[in-house]
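> Quick one: sequence and predicted model below, then my questions.
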Amino acid sequence: MLPAIIDRRSIRKYKSIDVPKPMIEEILQSGMLAPSSKNRQPWKFIVVTGSAKKDMLEVMSKGLKREKEYPLLPGSAQYLSGAEYTLGIMEQAPIIIFIVNSLGIDIHSFLNPEERIYEICNAQSIGAAIENMTLTATELGLGSLWICDTYFAYRELCDWLNVDGELFAAMAVGYADEIPFARPRKSMKDAIEWRA
């Protein structure tokens, strides 16, 4: 098994050290090399650093406040405190990469079965891109965190990013300031079924 797969961790504490641009470009290139359904390559990456990151954090903070009063995800209210914690992680990390499904359909749309399958295939493609990126970050000696808590501030972030498509996820990148233990995984017995 590849060492990066074994060593990869979700990093929630970062050192305040800038990441060289060529390293970020290598991470992005690895995402772009992922397989994609029908070679649609539905991804777009928006890299946020410096003063733009400060603006983005304010936008996400406003979205989290709005979510308390006018929730987009009322059934997920118990996870809102986790999203506030994630905002603090994003503040520490020197780089935030937003991943957009450039072919995505608005989350408020009602989809017919064919559109739903199309969305699932694009989601698989983008998930592969993000996984490539997290493994490359690990290989380069960087930490990363795949973030989905952006959905709590979905409207605000989409407006700020001027997204053409669907905001899919974010990824924090930087030099890790922690070495977390590996989290427990399902056993092979529980996760795999063999049929012959």
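Yep, that arrived.

> Please enumerate the helices of this protein.
Using DSSP state H, the helices assigned to the chain run over residues 3-7, 21-32, 50-69, 80-92, 113-139, 154-161, 188-191.

> average pLDDT for the third one?
Okay, so that is helix 50-69. Confidence over helix 50-69, taken as the mean pLDDT, stands at 97.

> swap in the last one?
pLDDT averaged over helix 188-191 equals 93, rounded to a whole number.

> re earlier: for the helices of the chain, which one sits closest to Ile99?
Evaluated over these, closeness to Ile99 peaks at helix 113-139, with 6.1 Å, by C-beta to C-beta. (Glycine included, C-beta is placed from N, CA and C.)

> what's the angle from the closest one to helix 21-32?
For helix 113-139 against helix 21-32, the angle by axes from the mean of the first three to the mean of the last three C-alpha atoms, to 10 degrees is 140 degrees.

> Let me know the angle separating the biggest strand by length in the chain from helix 50-69.
As far as residue count goes, and with DSSP state E defining each element, the longest strand of the chain is strand 166-174. For strand 166-174 against helix 50-69, the angle by the same axes, to 10 degrees is 130 degrees.

> neighbours of Asp159, just the number please.
11 (other C-beta atoms under 10 Å).

> what sits against it?
Val59 (C-beta atoms under 8 Å, 6 or more residues apart in numbering).

> any idea how far it is from Met56?
From Asp159 across to Met56, the span is 12 Å (C-beta to C-beta, to the nearest Å).

> Also Gly174?
Distance, Gly174 to Met56, using C-beta to C-beta: 15 Å.

> what does Leu140 give?
Leu140 sits at a distance of 23 Å from Met56 (criterion: C-beta to C-beta).

> Neighbour count: the two, which is higher?
Ranked by neighbour count (other C-beta under 10 Å), Leu140 and Met56 place Met56 first, with 24 against 18.

> That one against Glu156, yeah?
No. With contact defined as C-beta atoms under 8 Å, Met56 does not count as touching Glu156 (9.7 Å).
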